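[1] Need the 3D shape of this:
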Amino acid sequence: MVWVSDITAYRFHHEYFYICAILDLFSRKVIAYRVAKTSSTQLITLAFRQAYSERRPEPGLIFHSDRGKQYLSRSFQMLLKESGVEQSLSRPGNPHDNAVMESFFSYLKREELYRHDYPSEAALLRGIDQYVQFYNSKRPHSTLQYKTPDRMEKNCLDAKE
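    Numbers count the residues shown, from 1 in each chain. Down below sits the predicted model:
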């Protein structure tokens, strides 16, 4: 099992909002995300704790990200270690090592954020949430043989039974 993560910034009404998302690399499903007005270790920690609590991964999980200072912080590295999770980092200056996350954020911005003029912060947050739900349950992915992430996971579970 491999989870991938990154943070992106989105400017809204003269403020920046930071979105941290975690995807399951197998299904491309967004398994957790958080939005905050600061890009901090707390942002990624909250997203990781949410994913870990909901998914309850088996030992051997690998968590991949870029080399952002939040992911390299001592407290986040300790959290991974205490959780029995191996950290994997992109090579310096090589965004292609985290292409799945870069792709997700590109879709989020092109298909949702840049297409709407949100009247409020609450509307922005609802828009992000609705897009994540759409991405997981209705948006087919060519890398998944045009299945949705939810369908991919369901097929995998059905095959195990």
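[2] count of neighbours near the closest residue in space to Gly84 that isn't next to it in sequence?
    Spatial nearest neighbour of Gly84, chain neighbours left out: Pro59 (5.4 Å); criterion: CB to CB, 6 or more residues apart in numbering. No exception for glycine: its C-beta is placed from N, CA and C like everyone else's. By other CB atoms under 10 Å, the residues close to Pro59 number 9.
[3] how about Pro59, secondary structure?
    coil (DSSP: H, G, I helix; E, B strand; the rest coil).
[4] lowest-confidence helix or strand of the protein?
    helix 149-160 (a mean of 85; mean pLDDT, DSSP states H and E).
[5] quick one on the thing from earlier: need phi/psi at the residue nearest to Gly84.
    Main-chain dihedrals, Pro59, degrees, to the nearest 10: phi -60, psi 150.
[6] Likewise for Phe104?
    Phe104 has phi and psi values of phi -60, psi -50 when expressed as degrees, to the nearest 10.
[7] Distance of it relative to Val4?
    From Phe104 across to Val4, the span is 9 Å (CB to CB, to the nearest Å).
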